[in-house]
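Enquirer: Build me a model from this:
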Amino acid sequence: MPTTAKIAIGGENLIDFVQTGEEDGAPLFDANPGGSPFNVAVGLARQEVQTHYVTPISTDALGDTLAERLTASGATVAAPRSAAPTSRAVVTLEQGIPAYAFHRDGTAERQVTESSLWDSIPADVSALHCGGLALVDGVDADAWTAVLVQAATRGIFISFDPNVRASLIHDPAAYTKRVERVLQVAHLVKLSDEDLRWLYPDRPEAEAVAALRAATSAGLVVLTRGPLDTSAYARAAQSTVPVPKVTRLVDTVGAGDTFMATLLAALADRSALSAEVLDGMDQSDLTALLTRAGQAAALNCERSGCNPPSRSELDAALAG
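Expert: Numbering: from 1, shown residues only. Next up is the predicted model:
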């Protein structure tokens, strides 16, 4: 049965111009709605969780496409639309692996303040998720950091996925400071092995994981490793599961975001959006979470761009 939890999602929204092939030596592109937190909002809403997207969306034509994707998926566009333009990302593919170039100076998704964010976050919200480019730089990054810290002090469950984009980080020290501040108040942290290596360079994975767990208040840390296995670390248990088989790989765009959305949805289904419940999770709980989230990501990889499965599609795939 779908949860009654209400989750707010914030961070970049943009249009991904995704390479689909070549013609006469020139690349061909499809235009797809994207942005890591935006994708999480779509994936979460499709799993029938009450989802409020709290970052502004442009009033331009590309913004209309973004807003329509959210509402068609069942999410609420919670922030007022902005006259600033839509951010863009050019996504080229090499053997199915995406590489990104971003264009987001002065765009709609960056028009946030502490006050505007609180105006858009529902008063009865169960959890607040953020990550991606929201903490990269600028006054918007400072606003997001402050709101996440404030939300934690108000008793709101904080979910964080740094989704590090090294090419956009021009002040690594300032960015790292913001990430560390959010880690200190987060309850759930999901990151990739690439994110982990950026945050803790020149350390073996086990040492990096230990350093991360020491740096965060999170009762659940989840580490994905691309096509390899995935691990979850709770207070008193941990689990590692293999990535499910992808029947027909199209691309991996949005796989991590689909995984993140499914983690949140599965926790909401278990009434586990609280530090106390996370503290009590055992290995079987963690395995079930990773299995469900991994299957959702695998289904997404069988489609072009980020196109997360619905709850019923995911349930059917898990049932075999």
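Enquirer: Kindly confirm my reading that residue 149 is in a helix.
Expert: Yes: counting by DSSP: H, G, I helix; E, B strand; the rest coil, residue 149 falls inside a helix.
Enquirer: How about it, nearest residue that isn't a chain neighbour?
Expert: residue 185 (5.4 Å; CB to CB, 6 or more residues apart in numbering). From N, CA and C alone the C-beta is placed, and that goes for glycine too.
Enquirer: Now do the same contact list for residue 101.
Expert: 89-90, 92, 167 (CB atoms under 8 Å, 6 or more residues apart in numbering).
Enquirer: Inside strands: which ones of those residues?
Expert: 89-90, 92 (DSSP state E).
Enquirer: Name the residues of the longest helix belonging to the chain that are buried.
Expert: Scanning the chain for the helix with the most residues, using DSSP state H, yields helix 283-301. In terms of neighbour count (16 or more other CB atoms under 10 Å), helix 283-301 has its buried residues at 285-287, 289-301.
Enquirer: For the residue nearest to residue 149, give me phi and psi.
Expert: Main-chain dihedrals, residue 185, degrees, to the nearest 10: phi -120, psi -10.
Enquirer: Does it touch residue 159 like I think?
Expert: No: in this structure, residue 185 is not within contact of residue 159 by CB atoms under 8 Å, at 11.1 Å.
Enquirer: between those two, which one's more packed in?
Expert: It is residue 159, of residue 185 and residue 159, that has more neighbours when counted by other CB atoms under 10 Å, with 27 against 19.
Enquirer: Mind checking which of the ones in strands among the contacts of residue 101 are buried?
Expert: The neighbour count (16+ other CB under 10 Å) marks 89-90 as buried among the ones in strands among the contacts of residue 101.
Enquirer: Including distance to residue 225 and pLDDT, could the ones in strands among the contacts of residue 101 go into TSV?
Expert: Converted to TSV, the ones in strands among the contacts of residue 101 look like this (distance: CB to CB, whole Å; pLDDT from 0 to 100):
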residue	distance to residue 225	pLDDT
89	24	87
90	26	86
92	23	80
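Enquirer: out of the ones in strands among the contacts of residue 101, who's nearest residue 278?
Expert: residue 89 (32.6 Å; CB to CB).
Enquirer: in the sheet, who's paired with that closest one?
Expert: Beta-bridge partners of residue 89, counted by DSSP bridges, are residue 16, residue 102.
Enquirer: and it, what does it touch?
Expert: 14-17, 34-35, 100-103.
Enquirer: okay, among those, which ones form the most distant pair?
Expert: Greatest spatial distance among those (CB to CB): 35 and 101, at 14.1 Å.
Enquirer: With only the CA atoms kept, save the longest helix of the chain in CSV.
Expert: C-alpha atoms of helix 283-301 as CSV (Å, rounded to 0.1, in the frame of the first residue of the first chain):
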residue,chain,number,x,y,z
GLN,A,283,21.0,-7.1,7.4
SER,A,284,17.7,-8.4,6.0
ASP,A,285,16.2,-4.9,6.0
LEU,A,286,19.2,-3.5,4.2
THR,A,287,19.2,-6.3,1.6
ALA,A,288,15.6,-5.8,0.8
LEU,A,289,16.2,-2.0,0.3
LEU,A,290,19.2,-2.6,-2.0
THR,A,291,17.4,-5.3,-4.0
ARG,A,292,14.4,-3.1,-4.6
ALA,A,293,16.4,0.0,-5.5
GLY,A,294,18.8,-1.9,-7.7
GLN,A,295,15.9,-3.5,-9.7
ALA,A,296,14.4,0.0,-10.3
ALA,A,297,17.8,1.3,-11.5
ALA,A,298,18.1,-1.8,-13.8
LEU,A,299,14.7,-1.1,-15.4
ASN,A,300,15.7,2.6,-15.9
CYS,A,301,18.9,1.4,-17.8
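Enquirer: Identify the residues contacting it?
Expert: 43, 220, 222, 230-232, 234, 237-241, 243-246, 249-252, 254-256, 258-263, 266-267, 270, 306-309, 313-314, 317-318.
Enquirer: 6 Å instead, please
Expert: The contact list for helix 283-301 (CB atoms under 6 Å, 6 or more residues apart in numbering) reads 230, 232, 237, 239, 241, 243-244, 246, 249, 252, 254-255, 258-259, 262-263, 266, 308-309, 314, 317-318.
Enquirer: Let's see which of these end up in strands.
Expert: Among those, the ones falling in strands (DSSP E) are 230, 232, 239, 241.
Enquirer: now, among these, which is nearest to residue 126?
Expert: residue 232 (20.5 Å).
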